[in-house]
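Undergrad: Sequence first, predicted coordinates after that:
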Amino acid sequence: MKILIVEDEAKTATYLKKGLEENAFSVDVAEDGDDGAHLARQGGYDLIILDVMLPGQDGWSLLKTLRQRRDQTPALFLTARDSVPDRVHGLELGADDYLVKPFAFNELLARIRTILRRGPVRQAAAVQVADLEIDVERHRATRSGLVLDLTPKEFLFLSLLARRTGDVISRTLIAEQVWDINFDSGTNIVDVHMHRLRAKVDDPFDHKLIHTIRGIGYVLEDRSGR
């Protein structure tokens, strides 16, 4: 499979290229956003790995342009920008995953393989599950027409579940996507925030949408028809 790396740090780009080629991937490298966009438009890539801060056009603009052209090539942001708004923005633009530097190569490799197994997964402008609707562009969630008062992290948490409706999301993945990548899994921060999220999304309503899979994580789905 063929991967495009858009990364202006030569050391990082060389490290990534070497590691991926050792794992049987064909790799091209672009050192700035303009070259990356040119190579991406030529097509033929199974995945694009890109930084946010790049010479020329930045990673945000590059991915936004590709998605506007209906290019559905899976994309993974690999960047030092680790704030919750940055992660939300990257996913809103249509990224399939978001990994923060510094990173462990084995983890990056696992995420790449996961993305390639499931194929392109685009995020719609709005996601609806039963009477729950999430408007990712406006950062707005409603249930039965009522606006949910969510914090940025709660919105990111809910959006992660909604983008993978019906899939069981592990606590580890939730911690990586919503909190720092080096999150200590020995704490109960995910469960604490899930309790707060349920208090807003599920508790005021008879029909529950967030379900616990014991020992694994959580799933958002409509089980009313079962």
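TA: Here it is on my side, so go on. As the structure is a computational prediction, the values presented were derived from the model and not from experiment.
Undergrad: and the nearest residue to P85 once chain neighbours are set aside, how many residues sit next to it?
TA: Once flanking residues are discounted, P85 sits nearest to P152: 6.5 Å by C-beta to C-beta, 6 or more residues apart in numbering. (Each C-beta comes from the backbone N, C-alpha and C, glycine too.) Neighbour count for P152, taken as other C-beta atoms under 10 Å: 14.
Undergrad: Next: S224.
TA: By other C-beta under 10 Å, 9 other residues sit near S224.
Undergrad: Helix, strand or coil: sort out I49 for me.
TA: strand (DSSP: H, G, I helix; E, B strand; the rest coil).
Undergrad: so what's the residue nearest to P85 up against?
TA: P152 is in contact with 84-85, 88, 139, counting by C-beta atoms under 8 Å, 6 or more residues apart in numbering.
Undergrad: Quick check: the farthest pair among these?
TA: Spanning the widest gap among the contacts of P152 are V84 and H139, at 11.1 Å by C-beta to C-beta.
Undergrad: what's near enough to touch L160?
TA: L160 makes contacts with 91, 169, 173-174, 177-178, as judged by C-beta under 8 Å, 6+ apart.
Undergrad: For the residue positioned nearest the centre of the chain, which non-adjacent residue is spatially closest?
TA: Centroid check for the chain by C-alpha atoms, centre = their mean gives D97 as the closest residue, at 3.4 Å. Nearest non-adjacent residue to D97, counting by C-beta to C-beta, 6+ apart: L76, 4.6 Å away.
Undergrad: how close does that neighbour sit to K17?
TA: 15 Å (C-beta to C-beta, to the nearest Å).
Undergrad: R67 looks like it's in a helix, true?
TA: Yes. Applying three-state DSSP, one finds R67 inside a helix.
Undergrad: Would you mind giving the domain segments of the chain?
TA: The chain breaks down into these domains under automatic domain parsing: 2-118, 126-220.
Undergrad: Do a quick rundown of the strands in the protein.
TA: Using DSSP state E, the strands of the chain run over residues 2-6, 26-30, 47-50, 75-79, 97-100, 126-129, 132-135, 140-143, 146-147, 169-170, 210-213, 217-220.
Undergrad: tell me the angle the fourth one makes with strand 2-6.
TA: This means strand 75-79. 40 degrees (axes from the mean of the first three to the mean of the last three C-alpha atoms, to 10 degrees).
Undergrad: what's next to strand 75-79, contact-wise?
TA: 7, 16, 47-53, 59, 63, 66, 86, 90, 94-101, 103, 108, 111-112, 115.
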